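> 3D, please:
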Amino acid sequence: MKRTAIKAASLILTVLALSGISACSKHEDKPAAGAEIKEYVVGTGATYAPFEYENEHKELVGFDIDVMKAIAQKEGMQVKFINTPFDGIFTALAQGDRDIIMSGLTITEKRKLTVDFSDPYFEAGQVIVVPLDSKIQKIDDLKPLKVGVLQGSTGDDMLQKLLGDSNANIKRFESSALAMKELEAGGVSAVVADKGAVVHYLSNNQVKGIRIVTDDNFPKEFFGIAVKKGDAALLGKINQGLAAIKADGTYDKLHAQYFDTVAK
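Below you'll find the predicted structure:
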């Protein structure tokens, strides 16, 4: 009887021990309770409708915002958008104050020296905006004139190449909309800006007496999402999410929502 009792007790202890090991193993396989998912801070300059702007509730909205949110959803990322002045947006990324910047950023060779860009997500292009009675037909016609541009934009770069870096005829503004208002007021003879932003402004402000000039000398431009140089892991997530929303039709729906409406 004693041997039987000892064997029974030993068996019970063995079962309990094995159960405890099993329970611990299952617990260790689960993520730690309360573990936080990294939140990526996205810098965007909210003066560039319809790509990014503030609505009446001071919320950041726009095509870029919705595209980034869709990418984040596909990749299980958390993103937080912070309004960041365009002229300091690359510095904010370099200093680590932002993880991602997405603000109608044209992919250029110069910018690729300091940041890594995602695959292109939008085909853009510069146009010249002038009064109806203007004789301007191409960018070279702007040489003797005062021209408005968004500070730090590719339009700004083009004018610097044409007129010189410090030419006083280049009038820089914090937004394309402000440059357009200056044109309406007669403060500049022309504005060079992205076509999407210009068409959106004209269609939403009932502007009269202004026309758009295109120049075949303007190169094709593509917008990209930028991350800090060498951040291959984050760039991979963004590119993967971008490909996914293009494949499932999400991107096309967003593009139609913002730009089919603008074109009407």
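> so what pLDDT did Asn55 get?
pLDDT for Asn55: 93.
> let's have the chain start at 570 instead
New numbering, starting at 570: the last item is Asn624.
> list the beta-bridge partners for the residue nearest to it when sequence neighbours are not counted.
Excluding its sequence neighbours, the residue lying closest to Asn624 (CB to CB, 6 or more residues apart in numbering) is Val630, at 5.0 Å. C-beta here means a position set from N, CA and C on the backbone, and glycine is covered the same way. Beta-bridge partners of Val630, counted by DSSP bridges, are Tyr622.
> can you map out the helices along the stretch 620-769 of the chain?
632-644, 658-663, 723-732, 745-753, 764-773 (DSSP state H, counting those that start in this stretch).
> give me the mean pLDDT for stretch 811-825.
Stretch 811-825 comes out at a mean pLDDT of 97.
> let's see it as PDB, backbone CA atoms only.
Extracted in PDB, the C-alpha atoms of stretch 811-825 (Å, rounded to 0.1, in the frame of the first residue of the first chain):
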ATOM      1  CA  LEU A 811       1.600  51.300 -51.200                       C
ATOM      2  CA  ALA A 812       1.700  48.300 -53.600                       C
ATOM      3  CA  ALA A 813      -1.200  46.700 -51.700                       C
ATOM      4  CA  ILE A 814      -3.500  49.700 -51.900                       C
ATOM      5  CA  LYS A 815      -2.800  50.000 -55.600                       C
ATOM      6  CA  ALA A 816      -3.500  46.300 -56.100                       C
ATOM      7  CA  ASP A 817      -6.800  46.300 -54.200                       C
ATOM      8  CA  GLY A 818      -8.300  49.500 -55.800                       C
ATOM      9  CA  THR A 819      -8.000  51.700 -52.600                       C
ATOM     10  CA  TYR A 820      -5.600  54.000 -54.300                       C
ATOM     11  CA  ASP A 821      -7.700  54.500 -57.400                       C
ATOM     12  CA  LYS A 822     -10.800  55.300 -55.200                       C
ATOM     13  CA  LEU A 823      -8.800  58.000 -53.300                       C
ATOM     14  CA  HIS A 824      -7.400  59.400 -56.500                       C
ATOM     15  CA  ALA A 825     -10.900  59.700 -58.000                       C
END
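> who are the contact partners of the residue nearest the centre of the chain?
Centroid-nearest residue in the chain, with CA atoms, centre = their mean: Met671, separated by 1.9 Å. Counting by CB atoms under 8 Å, 6 or more residues apart in numbering, Met671 makes contact with Val611, Gly612, Thr613, Glu621, Asp633, Val636, Met637, Ile794, Ala795.
> for the last one, which residues are in contact?
For Ala795, the set of contacting residues under the criterion of CB under 8 Å, 6+ apart consists of Phe659, Leu662, Ile669, Ile670, Met671, Leu674, Arg680, Val684, Asp685, Phe686, Ser687.
> who's it bridged to?
Going by DSSP bridges, Ala795 forms beta bridges with Ile670, Phe686.
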